[in-house]
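Asks: What follows is a predicted protein model with its sequence.
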Amino acid sequence: MHVRLFALVGVLFALLGCSAAARPETGFPDGTSVHTMAFGGLNRSYRVYQPAGLPATAPLVVMLHGVSGSGEQAENSYGWDPLADSAKFVVAYPDGIGQAWNGHGCCGLPARENIDDVGFITAMVGQISAATAIDKSRVYATGMSNGGIMSYTLACNTGIFAAIGPDSATQLDACAAPRPTSVIHIHGTADTLVPYNGGQGTSLVDGPSIADVNAFWRNADHCGPPGIAITAAVTTSTAACADNRGVVLITIEGGQHGWPGGTTVLERADPASHALNATETIWQFFAAHPA
């Protein structure tokens, strides 16, 4: 009798497509969904892309647009969704107020009014994690320009990101107490909006040189001396650090202010370099560096 009962239960699970290892139902549909939340007296919005067939827990990548961009524009410009389909991770695309972020030194309305974007993005990650099973050791932030500046601000002021991947950005936050965070930074030497060698660019961003930012994080993450690899126009500085962290700087000779391999024409950006694919490069680094 018991044998027949167990067999019947097994048939029912098979018919329902269930298994002990199946991912539980989530609060998000597969594909792109749009969400709002009240935070800091403002209505904030973000998009989530959830691919089909996620594992029991999945990584989360937060993609931050640049000035004059949006979450929708970032989703359409940089190719994260197709990569999420193949590598099985969730992507969040938040919207900045006035199409900008408060990177603690830039930019636009959020910086002028000191909008709490650190708090908003932290709350968004919490809301996403409550709705779907996110692996908290594999939460990452990346961003273009002002979005990249914001990713540094997140690394300096939260403890929830295992790694960040800024592109065409710099660090403006004083970062008095940096959290242990792996960093991959991509930058072109011909960037006039955020100059590679530091100082004020045409965007009015006035920050340290990219080499100084790289040295800051190598020190913060207790890294060894970097190794250098050069392939055509791309120079990669790779430092191995304590607790499996890493700090990488990818320099594109002649590269301008853009997302390499991207297609955007909607942000304040130059035509994208095709010396490498920034999305694939950043994801490979993220996947190798959980918290």
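Replies: Alright, I've got the coordinates.

Asks: Show me the strands in the chain, by range?
Replies: Assigned by DSSP state E, the chain shows strands spanning 31-39, 42-50, 58-64, 90-94, 134-144, 163-167, 182-188, 199-200, 206-207, 227-231, 234-240, 246-252.

Asks: Highest mean neighbour count out of these?
Replies: Mean neighbour count (mean count of other CB atoms under 10 Å) peaks for strand 163-167 among the strands of the chain, with a mean of 29. Where C-beta positions appear, they are placed from N, C-alpha and C, glycine not excepted.

Asks: From the rest of the structure, what touches it?
Replies: Defining contact as CB atoms under 8 Å, 6 or more residues apart in numbering, one finds that strand 163-167 is touched by 140-145, 147-149, 151-152, 154-155, 181-187, 245, 259-260, 278, 282, 285-286, 289.

Asks: try 7 Å
Replies: Here strand 163-167 makes contact (CB atoms under 7 Å, 6 or more residues apart in numbering) with 140-144, 148, 151-152, 154-155, 181-186, 259, 278, 282, 285-286, 289.

Asks: Could you list the paired strands of that strand along with their orientation?
Replies: Sheet pairing here is set by DSSP bridges, and for strand 163-167 it gives strand 134-144 (parallel), strand 182-188 (parallel).

Asks: re earlier: as CSV, the strands of the chain with mean pLDDT and distance to residue 272 would be great.
Replies: Shown next, in CSV, are the strands of the chain (pLDDT from 0 to 100; distance: least, CB to CB, whole Å):
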stretch, mean pLDDT, distance to residue 272
strand 31-39, 97, 22
strand 42-50, 98, 21
strand 58-64, 98, 15
strand 90-94, 98, 18
strand 134-144, 98, 10
strand 163-167, 98, 10
strand 182-188, 98, 10
strand 199-200, 95, 24
strand 206-207, 95, 22
strand 227-231, 97, 18
strand 234-240, 98, 14
strand 246-252, 98, 10
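
Asks: Dump those strands into CSV; add distance to residue 103 as well.
Replies: Below are the strands of the chain laid out as CSV (distance: least, CB to CB, whole Å):
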stretch, distance to residue 103
strand 31-39, 18
strand 42-50, 17
strand 58-64, 10
strand 90-94, 14
strand 134-144, 9
strand 163-167, 10
strand 182-188, 14
strand 199-200, 15
strand 206-207, 10
strand 227-231, 29
strand 234-240, 23
strand 246-252, 19
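
Asks: got the residue ranges for the helices in this structure?
Replies: All helices of the chain, identified by DSSP state H, fall at 2-16, 71-77, 80-87, 108-112, 117-131, 146-157, 210-220, 278-288.

Asks: Looking at these, which one is packed in the most?
Replies: Highest mean neighbour count among the helices of the chain (mean count of other CB under 10 Å): helix 146-157, with a mean of 28.

Asks: Disregarding flanking residues, what is the spatial nearest neighbour of residue 66?
Replies: Nearest residue to residue 66, sequence neighbours excluded (CB to CB, 6 or more residues apart in numbering): residue 145, at 3.4 Å.

Asks: In contact with the one you found, which residues?
Replies: For residue 145, the contact set (CB under 7 Å, 6+ apart) comprises 66-67, 168-169, 193-194, 257, 267, 269.

Asks: What pLDDT is listed against residue 213?
Replies: Among the per-residue scores, residue 213 holds a pLDDT of 98.

Asks: Tell me how far it lies from residue 125.
Replies: Distance of residue 213 to residue 125, given as CB to CB, to the nearest Å: 24 Å.

Asks: Right, I'll leave it there.
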